[in-house]
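Asker: Just to be clear, the model below is a prediction. Sequence and coordinates:
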Amino acid sequence: MDKKPEDIKVILATDCGSTTTKAILIMLVDGEYRLVVRGEAPTTVETPFEDVTMGALNAITEVEELAGRKLVADNVIMRPVEGDSGCDIYISTSSAGGGLQMMVAGVVKSMTAKSAEHAALGAGAIVMDAIASNDKRLPHEQIERIRQLRPDMILLSGGIDGGTVSHVVELAELISAADPKPRLGIGYQLPVIYAGNIDARESVNGILERKVDLRIVDNIRPVLEEENLKPAREMIHDLFMEHVMAQAPGYKKLMSWADAPIMPTPGAVGAIMKKVADEEGIQVLGVDIGGATTDVFSVFKNPSYDSFKPEHESENPVTIFNRTVSANLGMSYSISNVFKEAGLPNIMRWVPFDMDEVILRNQVKNKMVRPTTIPQAMSTLIFEQALAREALRLAFIQHCNFATTLKGIQKQRSISDAFEQVDSDTIVDLMGLDILIGSGGVLSHAPRRNQATMLLLDAFQPHGFTQLAVDSIFMMPQLGVLASIHPKAATEVFHKDCLIYLGTSISPAGKSKIGSSIGDYRIETEDGQVHKGELLFGDMLRFDLPVGKTAKVAFNPSRSFNIGAGFGKKVEKTVYGGTVGLVLDGRGRPIFIPEDKELRVDLLTKWLLALDVYPESALIKE
Amino acid sequence: MGHIYTPGLKVTEYTKVIKRRILPLKGNVIAKVGDKMKPADIIARADLPGNVDQVNVANLLGCDPEDLQYFVRIKEGEQVKEGQMIAKNKGLLGTGLFKTSINAPFDGSIEAISKITGNILFRATPIPIVTTAYLEGDITEIIPEEGAIVEANASFIQGIFGIGGERFGIIKIITADTKGDLTADMIDESHRGKILVCGRRVTAGGFRKAMEMGVEAIIAGGIDDRDLREILGYDIGVAITGSEDVVTALVTTEGFGDIPMAQKSFDLLKKYEGRAASVNGATQIRAGVIRPEIVISQPAPPKGFVAPTEKTLGLRIGSQVRVIRYPHFGKIGEVTALPPELRVLESESKARVLEVVFGDGSTAVVPRANIETIENF
């Protein structure tokens, strides 16, 4: 793309999802970039259409009609702008046809195999399996697995530079023996990226070059203390364009239209999140809960960052981006798996009344086989949102266990570390988290925004001060690609049109007895209104604070609670409003849910009423 | 936009069923264009590459990988028999004492000998596999080295969820109407090899007895998820089925719970009681949806038969619909109004709705997303 950013005034972007293609039109209005309209149409990758551009053009046609601006002529996108028609650039992302499916391999499961997984997930792939020399499967089982999977590509890593050669070569031998075939297209060789020990390159090349399309990039883990993911990620994107996309019907045409390389949808979402987090120096956690999968993205500070050394993307990064895909946690196709994984008692703890197990089981399965249905009755909505909490919670646990500091580095551990129950290596810092962003139908289209707020609070349990938001129409993918060519436009639209701010939660961490004091609060709004009081354990309070408004909050916790500065230490902060406002969450962390059923239902009802989550008539039965 | 089309499950007395029957890998196609096939007739054969086993021979012999060549008695690509000696060392300090020899783990060939890792890769002899016709029909096209297209005029019923793969058998109606459930006491030895049709729900006991008696398949209105779990021994998390280890396949036409089969499906199956049918329980509810099915091969449709088109299937006032979500789940009725504007539901969601009158005269407002049209035949 040879256009200068300042010359770009009209941007057209699409995201070709597996079921729907979404188009958005962004324009420079009064000196700032804003979303003008959006349109959507069914994706046309499968028979009888078999041409992705048809769905894209249909979605763009809807944008044309809504915006009153001609964008397509003779089935071609009009560029550049001429008067009131055309656009300056066109960009697209894609997850149609099941997205990018990869297999990764490494020598040690928790080290090089995990680094390979980081690279693949960060590039937007679904990791079907990670094969490692120490994963306890026998070689013939590993070979059988590779043969069954039929991935779009394989990322082979292993060994630090100068380290083991034989283990890496052994992995190459396994791949060679399996002789894997790509998922799409019979006529081409499976792409395999080698990003391992530099000393094993020649041997790996000798084993694999005749069987697969082998690409060699820099080692993903050149030394134990460092992950160098960029070269592998870039190669994944190149091969995604060259091989995977080129095999999908109509993509060659779509690629020829686009002014920037087409990115896998989740890779683009990660890109915009990292951009915003880095630009504003904040820690971000995002979740996209779909019908089949749940993606969790996070940007947290690098605990090993050395401020005395120069900042470097792989050697000394300031922040670390992580993405996980929970392949079978979702709200329609995978809803039955959420039920299975979470178990009925965990789901029912979020439901303030009794429901019959046989009926619930049947309801869940019926939703699985008819995934497009919507809850009509309030009780169905409450149950479905309880399932959503569990899907989000489980996906978040997977994310915390994945987003860790690099394994394999020698560390000094104190006695107290040894007694900690949780994986202390996780870099997810719920107290330091600045903003939590939810996306996906169950959050973005919840009938009340208060429901999305409660779902995020219950599933992620943020500590301290956390801003909450939902992605209104899931345009983060398009903004992710836009960020690569016009960062200003991407971040402006991200803040002004993409996010719907729900408000801020203030959640002291700690435990106590119901009714005992957690601390004193003082809230002062811009117009001088002051709310003062004491937050009691087991209470939830909500204060109106509209979108765009701020308030000064002082919270002085008791000795057993921490609000960010340490136990018993006061914090003063400016907080941001939203459609729900300001929430004081006095349920402790982890959230206190009584074992006793009657007490649990009473407390749950009280919390749901305090936040106006459901109508009173649905919660209080005569 | 002419009309709204809400796809339902296909239930039709006459249609052309076309199946692409291919091998999972390249092989030999036996069938020819014009061949008349029975369900179990073979269309194509192939040899699936045998399993692979890897043995680190260098480690076992106590030599360096690069020295392996001096001890190995076979070459890459050579055939070996189970127990055949393939490598041997010279014993302790070359004295011939305590010699170690390595034998082939199974019949097959030597895939690779690695000088870097010291591994020898054995590949077992190929496993023969076949693809059958599945339908009673004609071969209309050969796909070279892969398989063929089989076509048949047939009655075709799509189910909503099933388990087990392809089965063939004679249809036997086991309940008098769509109010009856299938229980263990209703099944006996005479049902071996049959496809049993039950009007409402199949119970866990009924299904277990059917497996015991060698029933080929059960077609039912519904099944309780709890019973399904009991039958399989595990919970189904994601709806990708077909490879369950069950003797009897299952096709439910309506879903989970105590739901009667749509009268039209039941009547169609009843009409063809005693006829042979092909049944497949395989279900996949993600991209490239696969629904379970029942196919009863037929002669050409009678004169004057008009196949339903998308236009006749469109959702309109008077259309027959089935509600597919609580609180009216499973009820069948007729559309009385299609208001264009969004309505607020009890759950406070806004959605496009329709008004429906059920068989008992009661009425309801239902989101359009929560209904399926019932296709006429």
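Answerer: Sure thing, it's come through.

Asker: CA only for contacts and neighbour counts going forward, please
Answerer: Will do.

Asker: Can you tell me which helices and strands the one helix or strand A:L155 maps to packs against?
Answerer: Element membership for A:L155, per DSSP states H and E: strand A:153-156. Contacts defined by 3 or more Cα pairs under 8 Å, 6 or more residues apart in numbering or on different chains; DSSP states H and E place strand A:153-156 against strand A:100-106, helix A:112-122, strand A:191-194.

Asker: what does the shortest one contact?
Answerer: Among residues not part of strand A:191-194, those counted as contacts by Cα atoms under 8 Å, 6 or more residues apart in numbering or on different chains are A:152-157, A:201, A:212-217, A:232, A:235-236, A:239, A:243.

Asker: Switch the helices and strands packed on strand A:153-156 over to a markdown table; also include mean neighbour count.
Answerer: Listed next are the helices and strands packed on strand A:153-156 as a markdown table, based on neighbours: other Cα atoms under 10 Å in any protein chain shown:
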| stretch | mean neighbour count |
| --- | --- |
| strand A:100-106 | 26 |
| helix A:112-122 | 27 |
| strand A:191-194 | 25 |
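
Asker: could those go into CSV alongside mean pLDDT?
Answerer: CSV is the format used below for these (pLDDT from 0 to 100):
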stretch, mean pLDDT
strand A:100-106, 89
helix A:112-122, 89
strand A:191-194, 95
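
Asker: Throw the ones you listed into JSON lines and include distance to B:R275, thanks.
Answerer: Shown next, in JSON lines, are those (distance: least, Cα to Cα, whole Å):
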{"stretch": "strand A:100-106", "distance to B:R275": "44"}
{"stretch": "helix A:112-122", "distance to B:R275": "53"}
{"stretch": "strand A:191-194", "distance to B:R275": "50"}
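
Asker: what does the stretch 101-250 of chain B have sitting close to chain A?
Answerer: Residues of the stretch 101-250 of chain B lying near chain A by Cα under 8 Å from any Cα of the partner chain: B:111, B:116-117, B:121, B:160-161, B:224-226, B:235-239.

Asker: any chance of those in CSV, with secondary structure, neighbour count and pLDDT too?
Answerer: Output for these, formatted as CSV (DSSP: H, G, I helix; E, B strand; the rest coil; neighbours: other Cα atoms under 10 Å in any protein chain shown; pLDDT from 0 to 100):
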residue, secondary structure, neighbour count, pLDDT
B:E111, strand, 20, 82
B:I116, coil, 18, 85
B:T117, coil, 22, 86
B:L121, strand, 24, 85
B:I160, coil, 26, 92
B:F161, strand, 31, 95
B:D224, coil, 22, 96
B:D225, helix, 24, 95
B:R226, helix, 19, 94
B:D235, coil, 17, 89
B:I236, coil, 18, 88
B:G237, coil, 19, 83
B:V238, coil, 24, 80
B:A239, coil, 22, 80
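
Asker: Of the residues you listed, which is the nearest to B:F266?
Answerer: B:I160 (14.6 Å; Cα to Cα).

Asker: isn't the closest one right up against B:R291?
Answerer: Yes: here B:I160 reaches B:R291: they are 6.0 Å apart, a contact under Cα atoms under 8 Å.

Asker: tell me, what's touching these two both at once?
Answerer: B:T283.

Asker: one step back: out of the helices and strands packed on strand A:153-156, which is closest to B:A282?
Answerer: Set against B:A282 and scored by Cα to Cα, those come closest in strand A:100-106, at 23.3 Å.

Asker: residues near residue 22, how many?
Answerer: Picked chain A for this. Neighbour count of A:K22, defined by other Cα atoms under 10 Å in any protein chain shown: 29.

Asker: Chain B was what I was after
Answerer: Neighbours of B:I22 (other Cα under 10 Å): 24.

Asker: How about A:I262?
Answerer: 24.

Asker: List the contacts of it.
Answerer: For A:I262, the contacting residues are A:91-94, A:241, A:255, A:481, by Cα under 8 Å, 6+ apart.

Asker: Same list, these, but only the ones touching chain B.
Answerer: Among those, no residue sits close to chain B (Cα under 8 Å from any Cα).

Asker: from those residues, which is closest to chain B?
Answerer: Taking Cα to the nearest Cα as the measure, chain B lies nearest A:S94 of these, at 14.7 Å.

Asker: Could you give the number of residues near the closest one?
Answerer: A:S94 - counted by other Cα under 10 Å - has 26 other residues nearby.

Asker: Same check on A:D288?
Answerer: With other Cα under 10 Å as criterion, A:D288 counts 25.

Asker: List the contacts of it.
Answerer: Taking Cα under 8 Å, 6+ apart as the criterion, A:D288 is in contact with A:294-296, A:438-440.

Asker: And the residue in the stretch 401-550 of chain A that chain B sits nearest to, its phi and psi?
Answerer: Per Cα to the nearest Cα, A:P447 is where the stretch 401-550 of chain A lies closest to chain B, at 5.0 Å. A:P447 adopts backbone torsions of phi -50, psi -30, taken as degrees, to the nearest 10.

Asker: Check what pLDDT it gets.
Answerer: We have a pLDDT of 95 for A:P447.

Asker: what's the answer for A:I485, then?
Answerer: pLDDT, A:I485: 90.

Asker: Contacts only, for residue 150.
Answerer: Because you didn't say which chain, this covers chain A. Residues in contact with A:R150 (Cα under 8 Å, 6+ apart) are A:180-183.

Asker: you looked at the wrong chain, it should be chain B
Answerer: B:V150 neighbours (Cα under 8 Å, 6+ apart): B:18-21, B:133, B:135, B:137-141.

Asker: A:M102 now?
Answerer: Listed by Cα under 8 Å, 6+ apart, the contact partners of A:M102 are A:120, A:125-129, A:151-155.

Asker: 10 Å instead, please
Answerer: Neighbouring residues of A:M102 by Cα atoms under 10 Å, 6 or more residues apart in numbering or on different chains: A:117, A:120-121, A:124-130, A:149-155, A:192, A:236.
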